[in-house]
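Participant: need coordinates for the below:
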Amino acid sequence: MFTRGQKVVIYAAGMLTLVFAGVTTWMELRPAPAALPQYWALPAFSLTNQDGQPVTLDNFKGKVWLADFIYTTCPGQCPLITAHMARLQQKLPEDADVRIASFSTDPQTDTPPVLKAYARKYAASDRWTFLTGPKDRVYDLIEHGFKLPISAPVGAQIVHSTRIMLVDRKGNVRTFYDGLSQDGDDQIIADIKKLLQESP
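Facilitator: Take a look at the predicted model:
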């Protein structure tokens, strides 16, 4: 015969076993987080970074990265986008294959030294690259690679997208965000973590 104390212990152990089994079953049956859509693959490109070094799409292979589009003399939205990227930079998973790439929409003005000073202004780490190159090459990548509008009327302000694009380890565009919004950072970081779990 069990004592009252032993019965209590046996009952409690049985309840814990049932609870644990229920939680395990729920974890096994719950739906996995929805995978991000896969839109299109980026074409090969070759540009120059703020250190004057060549950068190609291959430099990003195996990494998850965010892309944005700015120019250093932009009077309005570009500083907001770059400040957003600087904030995201602080939230990126540590020791992970994550990068940021900012493409200049005024590559004739934004030479590597200009971009380097701009990067320093926003305390860009070595995971954040600023890219420039021949205008036709940059604009072709923006229009046909990232599939975003861009317009540079002579003597007028450059018109370009404020989107932030998320690219996976294989160079596929997976989703995009409003670069001017301050409300979506948690979602961006969550999406990056999803892509980091995918096979390279």
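
Participant: make it CA atoms for all contacts and neighbour counts henceforth
Facilitator: Noted.

Participant: just the pLDDT for the closest residue to K91 other than its chain neighbours.
Facilitator: Counting by CA to CA, 6 or more residues apart in numbering, I189 is the residue found nearest to K91 once chain neighbours are left out, at 7.3 Å. With respect to pLDDT, I189 scores 95.

Participant: who touches the residue most central in space within the chain in this structure?
Facilitator: The chain has L66 as the residue nearest its centroid, 3.1 Å off, counting by CA atoms, centre = their mean. By CA atoms under 8 Å, 6 or more residues apart in numbering, the contact set of L66 is R99, I100, A101, I164, M165, L166, V167.

Participant: still on that earlier bit, looking at this, the residue nearest to K91 is in a helix?
Facilitator: Yes - assignment of I189 by DSSP: H, G, I helix; E, B strand; the rest coil places it within a helix.

Participant: let me see the contact set for it.
Facilitator: Contacts of I189 by CA under 8 Å, 6+ apart are K91, L92, P93.

Participant: gap between it and C78?
Facilitator: Going from I189 to C78 by CA to CA, to the nearest Å gives 21 Å.

Participant: which stretches of this protein form helices?
Facilitator: Using DSSP state H, the helices found in the chain span residues 4-29, 77-91, 112-121, 135-140, 185-196.

Participant: comparing those by mean pLDDT, which bottoms out?
Facilitator: That would be helix 4-29, which, of all these, carries the lowest mean pLDDT at a mean of 39.

Participant: okay, Q157 and C78: tell me how far apart.
Facilitator: In this view, Q157 and C78 are 12 Å apart by CA to CA.

Participant: no wait, W40
Facilitator: To C78, W40 is 25 Å away according to CA to CA.

Participant: between those two, which has more neighbouring residues?
Facilitator: Under the criterion of other CA atoms under 10 Å, the comparison of W40 against C78 puts C78 first, with 20 against 14.

Participant: so what's the more buried one up against?
Facilitator: For C78, the contact set (CA under 8 Å, 6+ apart) comprises F69, I70, Y71, T72, T162.

Participant: of those, which pair is most distant in space?
Facilitator: Farthest pair in the contacts of C78 (CA to CA) is T72 and T162. Separation: 14.3 Å.
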